[in-house]
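> build me a structure from this.
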Amino acid sequence: MAITLNHTIVPARDKVASAKFLARILGLTFDEGAVGFFAPLRINETLTLDFDEDAEPFDIHHYAFKVSETDFDAMFSRIKAEGITYGSGPHARENLVINHHAGGRGVYFCDPNGHILELLTAE
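Just a heads-up that it's a prediction; the model follows:
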């Protein structure tokens, strides 16, 4: 039996704004009609991120997305167009440099909740 991650909960101060932010950066469509207890963002055919509002302080998480070179270019362009600070590593998220690990490219940035987001083209 193949095991796939189906969904995970992403804590947020504003679940809809957070889902819209990530959808915009990744070039996805956010279905506001699907908002109920969660604000679900379908990442692909097997994974949904369910944004959940939490007024309490919550732990910061790291979400990494492996993408194609073409998708990386488009996503990175949106990051820069929105004036989002980015960097080459999880502890260097503000150096305005991308990395070239394993012969690919990678970038780290934060969402409005402080979660660390990573785009990478190679592992």
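> so which residues of this structure form strands?
7-12, 39-42, 48-53, 62-66, 86-87, 106-110, 116-120 (DSSP state E).
> for Lys80, find the nearest of the ones you listed.
Of all the strands of the chain, it is strand 86-87 that lies closest to Lys80, at 7.8 Å by Cβ to Cβ. For the C-beta atoms, the positions are set from N, CA and C on the backbone; glycine is no exception.
> centre of the chain to stretch 49-57, how far?
Remark: stretch 49-57 is offset 15 Å from the chain centroid, using Cα atoms, centre = their mean, to the nearest Å.
> one more: stretch 100-109?
That offset, for stretch 100-109, works out to 15 Å (Cα atoms, centre = their mean).
> measure that stretch end to end?
Stretch 100-109 has an end-to-end distance of 16 Å (criterion: Cα to Cα, to the nearest Å).
> picking up where we left off before, now render the strands of the chain as TSV, adding distance to Leu96 and mean neighbour count.
TSV is the format used below for the strands of the chain (distance: least, Cβ to Cβ, whole Å; neighbours: other Cβ atoms under 10 Å):
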stretch	distance to Leu96	mean neighbour count
strand 7-12	26	18
strand 39-42	27	21
strand 48-53	26	18
strand 62-66	20	14
strand 86-87	7	20
strand 106-110	10	21
strand 116-120	15	19
